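Peer 1: Pasting the sequence and the predicted model now:
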Amino acid sequence: MIVVVGQFRFPAARMEQARPVMRQVIEATRAEQCCVQYNYGEDVLDPGLIRVSEFWQSREHLDAHMQTAHMVQWQRERAELGLSGREILVFEADQGVPL
């Protein structure tokens, strides 16, 4: 299992424009066969800060995801929206257990 966690930021004034774009990439990614989970969440206390969490079946699937048309489009659109502060980490993990 591959776990991806991190964050990025949009200017708070651009969030209304960013939400539908984020929704498109989330929906397209969740439809990928080997995507286990793919989530963006707005930080309640820090407007414009987006938290990322993803789970993939393998690193190869994550790498393939990064080459999809919707990710290429997302990279272009997020730059146009003023994305900054992107900090994303990738981890290898077991299946996990409930807390």
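Peer 2: Here it is on my side, so go on. Predicted model only: the values in this text are computed from it and were never measured. Residues are numbered from 1 along each chain as shown.

Peer 1: And the most centrally placed residue in the chain, how close does it get to Asp94?
Peer 2: For the chain, Val52 is the residue whose C-alpha lies nearest the centre (Cα atoms, centre = their mean; 5.0 Å). Using Cβ to Cβ, to the nearest Å, Val52 is found at 21 Å from Asp94. All C-beta atoms are positioned from the backbone trio N, CA, C, and that covers glycine.

Peer 1: for the nearest residue to Ser84 once chain neighbours are set aside, phi and psi?
Peer 2: In space, and not counting its chain neighbours, Ser84 is closest to Arg9: 5.2 Å by Cβ to Cβ, 6 or more residues apart in numbering. With angles defined as degrees, to the nearest 10, Arg9 sits at phi -140, psi 140.

Peer 1: Which residues belonging to whatever helix or strand Ala64 lives in are considered buried?
Peer 2: According to DSSP states H and E, Ala64 maps onto helix 59-65. Buried residues in helix 59-65, counted by 16 or more other Cβ atoms under 10 Å: 62, 65.
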